[in-house]
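Asks: return atomic coordinates for the entry below.
(3 chains)
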Amino acid sequence: MRESTIMKIHYGTALAAVALVAVHILMRLTTGFVESLEYENVLANYKFVPYAAMLELILILLAVHGFNGLRVILLELKQGRMYEKAVSYGCLVAMFGLIAYGSNTIIRTNMGMT
Amino acid sequence: MTNDENKEGIGGMANPRRYGIERVAYLLMRLSGLGLLAYFVAHIYETSNILRGQVGWNEFLELTQTTGGHIFLAIVIGMCVFHTVNGVRVMLGHGGVGVGKPARPDYPYDPASQNYRHKIGIYSAIVLAAVAMMYGLAVMFGE
Amino acid sequence: MALVSHIAEEQVSTPVSSSKSITLKIFRYNPEHDDSSKFMEFTVPYEKWTTVLEAILEVKKHFDHSVAVRYSCRQATCGSCGMMINGKPRLACFTKISELDSNVVTVEPMNNFPIIRDLAVKFERLFDTHQKIKPYLIRDDTELETDEREFLQTPEEVEQYIQFANCIKCGLCNSACPTMATDSSFVGPQALAQAYRYVADSRDKGKDSRLKIIDESHGIWRCHFAGSCSQVCPKGVDPAMGIQLLRGYLLGFRS
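Replies: Just a heads-up that it's a prediction; the model follows:
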């Protein structure tokens, strides 16, 4: 993939994540911060499909943006063919790993498998 | 002298003192980005405790509902706001917005790209981050 | 005649400032012989108008002729005497000691350039990256053969790139760049600004090929708009502006 395409994805995920994370944070404030974190309320959030879908989207957007940012920083710190390949694939694996781990939480909680 | 390329290295890259507020913003952007990624990974792990049922969730929640936990979260809020506001500024700059127009340079050659619009953007990001942190602390300690 | 006498009067009336002196700390290192670098200190007299280069040449003349320094024009045109002066990349011939506001002036070789000896550094990498972005007008050959007239441009078209044509390849921008501090493969602000200089030239037809060259993992995207390059440029080139405008083409903001 060309670097310009990767960076367009980087910018796009950032902008989309800002909007969705704002909704996510506002949800903590509408019912009171401590109350919103109570088990029943959190569970209700997860079981509400549109909210769960939004969480999944935030997970994907931030994982893509965050691990690409990490890749950029690591590529600038050190150079070399092997190192750069290891960084790129390492960040890709970590990104998919985190998405899989987070999706597991969202999907299982949404389906009542807690 | 082991560095044949005479590169400044991480110390030079992370030194914010020589090139004005733009270089400070560059460093803060990196640090907040790394901090937010670390928090994001921890947050995904933390929230997975809901799969352990009410007992597991409450156990983990207790760890975060402390003074230290609140201060940590306030720092995360600050990093988040700075990274967002400064990120929008940088993105606009990357698209060529607000960087000035090419013109014949005159002495003393003040660079048009380092203009007040971007400086205001950086200071706004810092101020908004500070305000958001204070608001976050008020909400967390107020309850 | 009146003008000549006026100048003569001015010269007579210019007060000769009292001779002051500073401590000039010069970085000494020869990679072929020395295990480590060291600083040598010299007390050098200076006037209001004395430049750092003149102070270094004073040291060479009266104290230690072995100090290695590259210089030529003494008027910020050749781009030879770039060095770290009190921690920032500057042209030694363009920096007056009196402007530094310090009793100690420390001169070191430019960062991010391999050292030849003392204050002289290698420019190979800068010239390589400069060459990489094709710093010349790209035209269709057949058109050149048949067209005997010069390529005409409007003043507005000239204005688009003339600022970036002021680059003297002194390397100060590459020395100040935070990415260059750690990334040996980065194209660098000097070459990127020159890429914009040619892309913005209405006579040039090589935009696509240049954009392709810089759109790689150590190309234009490794610039994060810290702006240090523009702050140290002694000719007002403003590489940071050029790079962002160039990136506009890749992001679809410009065509």
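
Asks: and stretch A:7-26, what's buried?
Replies: A:7, A:10, A:11, A:13, A:14, A:16, A:17, A:18, A:21 (16 or more other CB atoms under 10 Å in any protein chain shown). Any C-beta I mention is one placed from the backbone N, CA and C, and that applies to glycine too.

Asks: give the contact list for the residue nearest to residue C:133 when sequence neighbours are not counted.
Replies: Distances taken as CB to CB, 6 or more residues apart in numbering or on different chains place residue C:195 nearest to residue C:133, at 4.1 Å, with adjacent residues excluded. Taking CB atoms under 8 Å, 6 or more residues apart in numbering or on different chains, we find residue C:195 in contact with C:133, C:210, C:213, C:214, C:220, C:242, C:246.

Asks: of the residues you listed, which is the nearest to chain A?
Replies: residue C:220 (8.1 Å; CB to the nearest CB).

Asks: report the buried residues of stretch B:9-21.
Replies: For stretch B:9-21, by 16+ other CB under 10 Å, it's B:12, B:13, B:14, B:16, B:19, B:20, B:21.

Asks: check the secondary structure at the residue of the stretch 1-150 of chain C found nearest chain B for me.
Replies: At 4.3 Å from chain B, residue C:111 is the closest residue in the stretch 1-150 of chain C, using CB to the nearest CB. Taking DSSP: H, G, I helix; E, B strand; the rest coil as the rule, one finds residue C:111 in the coil state.

Asks: what backbone torsions are found at it?
Replies: phi -70, psi 160 (degrees, to the nearest 10).

Asks: the one 10 residues further on now?
Replies: The phi and psi values for residue C:121, taken as degrees, to the nearest 10, are phi -120, psi 160.

Asks: report the beta-bridge partners for it.
Replies: Note on residue C:121: beta-bridge partners residue C:115, judged by DSSP bridges.

Asks: now do it, the pLDDT please.
Replies: Looking at residue C:121, its pLDDT is 97.

Asks: got the contact list for it?
Replies: B:6, C:70, C:82, C:109, C:110, C:113, C:114, C:115, C:171.

Asks: if we can go back for a sec, in this structure the residue of the stretch 1-150 of chain C closest to chain B contacts residue C:172, no?
Replies: No. Using CB atoms under 8 Å, residue C:111 is not in contact with residue C:172, being 10.1 Å away.

Asks: these two: who's more crowded?
Replies: residue C:172 (30 against 23; other CB atoms under 10 Å in any protein chain shown).

Asks: contact partners for the closest residue to residue C:162 other than its chain neighbours?
Replies: Nearest residue to residue C:162 in three dimensions, chain neighbours excluded: residue B:104, at 5.9 Å (CB to CB, 6+ apart). Contacts for residue B:104 (CB under 8 Å, 6+ apart) come out as C:159, C:162, C:163.

Asks: need those in CSV with neighbour count and distance to residue A:73, can you?
Replies: Listed next are the contacts of residue B:104 as CSV, based on neighbours: other CB atoms under 10 Å in any protein chain shown; distance: CB to CB, whole Å:
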residue, neighbour count, distance to residue A:73
C:159, 15, 37
C:162, 17, 36
C:163, 26, 31
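
Asks: any idea where the helices of chain B begin and end?
Replies: Using DSSP state H, the helices of chain B run over B:9-13, B:20-47, B:53-64, B:67-94, B:116-142.

Asks: ok, which of those comes nearest residue C:230?
Replies: helix B:20-47 (9.0 Å; CB to CB).

Asks: tell me the angle that closest one makes with helix B:116-142.
Replies: In terms of direction (axes from the mean of the first three to the mean of the last three CA atoms, to 10 degrees), helix B:20-47 departs from helix B:116-142 by 40 degrees.

Asks: show me what counts as buried in helix B:20-47.
Replies: Buried residues in helix B:20-47 (16+ other CB under 10 Å): B:20-23, B:25-26, B:28-30, B:32-33, B:35-37, B:39-41, B:44, B:47.

Asks: what do you get for stretch C:102-122?
Replies: Here stretch C:102-122 shows C:105-121 as buried, counting by 16+ other CB under 10 Å.

Asks: likewise stretch B:83-101?
Replies: B:83-96, B:98-100.

Asks: for that stretch, what is the average pLDDT?
Replies: Rounded mean pLDDT across stretch B:83-101 is 95.

Asks: in a strand, that's where residue C:180 is, yeah?
Replies: No. Looking at residue C:180 with three-state DSSP, it is coil, so not inside a strand.

Asks: next one: the closest residue to it other than its chain neighbours from residue A:75, what distance?
Replies: Nearest residue to residue C:180, sequence neighbours excluded (CB to CB, 6+ apart): residue C:112, at 4.5 Å. Distance of residue C:112 to residue A:75, given as CB to CB, to the nearest Å: 17 Å.

Asks: and the residue of chain C that's closest to chain B?
Replies: Counting by CB to the nearest CB, chain C gets nearest chain B through residue C:236, at 2.7 Å.

Asks: three-state assignment of that residue?
Replies: Assignment for residue C:236 (three-state DSSP): coil.

Asks: tally of neighbours for it?
Replies: Counted with other CB under 10 Å, residue C:236 comes out at 18.

Asks: please verify my assumption that it contacts residue B:100.
Replies: No. Counting by CB under 8 Å, residue C:236 stays clear of residue B:100, with 11.5 Å between them.

Asks: list the residues that contact both of those two?
Replies: Joint contacts of residue C:236 and residue B:100 (CB under 8 Å, 6+ apart) are residue B:111.

Asks: sketch out the low-pLDDT regions of the stretch 151-255 of chain C for me.
Replies: Applying pLDDT under 70 to the stretch 151-255 of chain C flags no residue at all.

Asks: typo on my end, it should be chain B
Replies: B:1-3, B:143.

Asks: which single residue in it comes nearest to chain C?
Replies: Closest point on chain B to chain C, by CB to the nearest CB, is residue B:105, at 2.7 Å.

Asks: and that residue, how many neighbours?
Replies: 19.

Asks: now swap in residue B:64 and tell me
Replies: Residue B:64 - counted by other CB under 10 Å - has 14 other residues nearby.

Asks: got the contact list for it?
Replies: By CB under 8 Å, 6+ apart, residue B:64 lies in contact with B:46, B:73.

Asks: quick check: it vs residue B:70, distance?
Replies: 8 Å.

Asks: thinking again about what came up before, of the buried residues of helix B:20-47, which ones also sit close to chain C?
Replies: Filtering the buried residues of helix B:20-47 for neighbours of chain C using CB under 8 Å from any CB of the partner chain leaves B:20, B:22, B:23, B:25, B:26, B:29.

Asks: which of those sits closest to chain A?
Replies: Distances from chain A to these, taken by CB to the nearest CB, are shortest for residue B:29, at 9.5 Å.

Asks: nearest residue to residue B:119 in space, please, no chain neighbours.
Replies: Nearest one to residue B:119, counting by CB to CB, 6+ apart, is residue B:21 at 5.9 Å.

Asks: ok, the one you found - contacts?
Replies: B:119, B:122, B:123.

Asks: can you count the residues close to the last one?
Replies: It stands for residue B:123. 13.

Asks: so residue 54: helix, strand or coil?
Replies: Let's take chain A. helix.

Asks: which residues does the nearest residue to it once chain neighbours are set aside contact?
Replies: Nearest residue to residue A:54, sequence neighbours excluded (CB to CB, 6+ apart): residue A:20, at 5.8 Å. Going by CB under 8 Å, 6+ apart, residue A:20 touches A:54, A:57, A:58, A:61.
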